[in-house]
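[1] Based on what follows, work out the 3D shape:
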Amino acid sequence: MRGFFRGRKVSKRRELLAAEAAEWLTVLDGADRRRREQFAQWLRTSPEHVREFLAAAAVWDSLPGVSSQPSAEALARLARQSDNVLPLGGAGRGEAGKGARRFGRRRLGWAAAAAVAVALAAALRVFAPFSEPPPMEYATQVGEQLSVSLADGSVVTLNTRSALEVAYSPRYRDVRMSGGEALFEAAEDAERPFRVFAGGAMIEAVGTRFNVRQRSGEVVVTVLEGAVDVSAERSSGNAARLRPAAAVRVAEDQQARAADEGIVVVDRDAGAAIAWRERRLVFDALPVRAVIEEFNRYQAPPVVVADAAVAELPISGVFRSDDRESFLQFLSQMGIAEHSTQPDGVIVLSAVERRQTAP
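    Residues are numbered from 1 along each chain as shown. I've put the predicted structure just below:
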């Protein structure tokens with residue numbers, strides 16, 4: 001490392017810091033948590049440490065054809081081919097040719113410059129997590145609803161038994177749902193897309209208001225305003241590198257159902273999709289088992305369906321989410337099913353017994 005600075009007006013401290021930065025960045029890729037914490041502490045020690053990374057950023061950005069972290073030797077070869085790369089130490093653009101000739105014969109010098117450039121690549125990936133706010137987690141229990149204002153002005157309303165994590169970065173605004181349902185009102189930000197990841201689907205907002213629900217192996221996305229792009233989530237191991245695969249545009253008053261079989265878009269009354277905000281449940285020819293599953297999200301103990309024939313009967317209607325008893329009475333009055341309560345509180349639905357009358 002010192003051969004690169006020999007003969008130049010660079011302080012011993014600057015030389016040492018540059019060497020330390022290069023050394024850190026050769027071991028950061030794949031480093032464990034303890035090692036990354038040590039690196040974070042090194043950055044916090046002095047603004048000069050951070051400055052070395054920022055200076056290296058210009059070198060990294062100027063190298064053509066680099067899409068991932070290469071070896072120092074490969075990066076050095078690219079550096080030799082670029083007339084935009086200057087040796088560290090403050091040389092101006094007009095000195096590029098002279099500087100290149102001066103250091104072109106010094107293989108070790110270019111390797112050092114390459115190592116510092118590699119340092120920048122890692123700086124962009126590793127330094128950012130320590131400067132960004134930690135992910136925020138939100139969750140609701142049975143029967144609860146929660147509305148949250150996010151840092152960018154977006155608003156998320158969680159329905160009952162829902163959970164999600166919000167992680168904002170300089171490039172993206174990401175929300176990961178681990179279950180349940182939520183209504184999103186995404187604030188506009190042309191520089192940072194608003195993305196929701198749920199059940200293997202990625203939903204990217206186009207300045208919009210939309211509802212996302214995970215249910216029975218599928219993700220249901222309903223757009224109230226604007227539009228969204230729905231695609232299968234494809235990860236490269238880095239959340240910042242996720243890209244939509246075969247994205248489908250979903251417009252206002254449309255609904256997308258994403259499952260293993262693909263993504264299907266249909267017209268849909270968006271108001272019915274968010275009736276849950278008013279504690280209303282709207283069913284349109286939905287099987288009894290699905291209706292019961294919905295009610296169980298709002299109240300406990302659960303209801304179970306003991307008869308397979310009853311489970312598949314279609315139900316249509318509007319019910320209060322906090323009034324399951326009325327729904328059970330409806331099933332009984334319509335002769336669809338009757339219910340009984342077990343000692344543990346679990347409610348069992350079964351077919352109505354047909355009693356024969358004496359002749």
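
[2] you'd agree Val228 is up against Ala201?
    No. Using CB atoms under 8 Å, Val228 makes no contact with Ala201, being 10.5 Å away. All C-beta atoms are positioned from the backbone trio N, CA, C, and that covers glycine.

[3] So which of the two has more stuff around it?
    Neighbours were counted for Val228 and for Ala201 using other CB atoms under 10 Å; Val228 has more, 30 against 23.

[4] doesn't Asp344 fall inside a helix?
    No. Read with DSSP: H, G, I helix; E, B strand; the rest coil, Asp344 is coil and lies in no helix.

[5] Okay, it and Ala337: tell me how far apart.
    20 Å (CB to CB, to the nearest Å).

[6] More neighbours: the two, which one.
    Ala337 (23 against 6).

[7] Next up, phi/psi of the more buried one, please.
    When read as degrees, to the nearest 10, the backbone of Ala337 gives phi -160, psi 160.

[8] next one: the one 3 residues further on
    For Ser340, the backbone dihedrals (degrees, to the nearest 10) come out as phi -140, psi 160.

[9] Please give the number of neighbouring residues around it.
    Counted with other CB under 10 Å, Ser340 comes out at 10.

[10] Contacts only, for it.
    347-348, 350 (CB atoms under 8 Å, 6 or more residues apart in numbering).

[11] For beta bridges, what are the partners of it?
    Val348 (DSSP bridges).

[12] Read off the pLDDT value for it.
    If you check Ser340, the pLDDT there is 91.

[13] got it, and Ala285?
    Ala285 is given a pLDDT of 89.

[14] hang on, it in a strand?
    Yes. Using three-state DSSP, the assignment for Ala285 is a strand.

[15] how near is the closest residue to it other than its chain neighbours to Leu158?
    Here the nearest residue to Ala285 in space, its sequence neighbours aside, is Pro314; by CB to CB, 6 or more residues apart in numbering that works out to 4.3 Å. From Pro314 across to Leu158, the span is 29 Å (CB to CB).

[16] Show me which of the two is the more surrounded one.
    Between Pro314 and Leu158, counting by other CB under 10 Å, Leu158 is the more crowded of the two (21 against 12).

[17] Quick check: that one touching Glu137?
    No. If you go by CB under 8 Å, Leu158 and Glu137 don't touch, sitting 11.1 Å apart.

[18] Domain ranges for the chain, per the record?
    2-131, 136-272, 279-350 (automatic domain parsing).

[19] Could you tell me the least trusted of the ones you listed?
    Looking at those, the bottom one is domain 2-131 with a mean of 52.

[20] Alright, that wraps it up for me.
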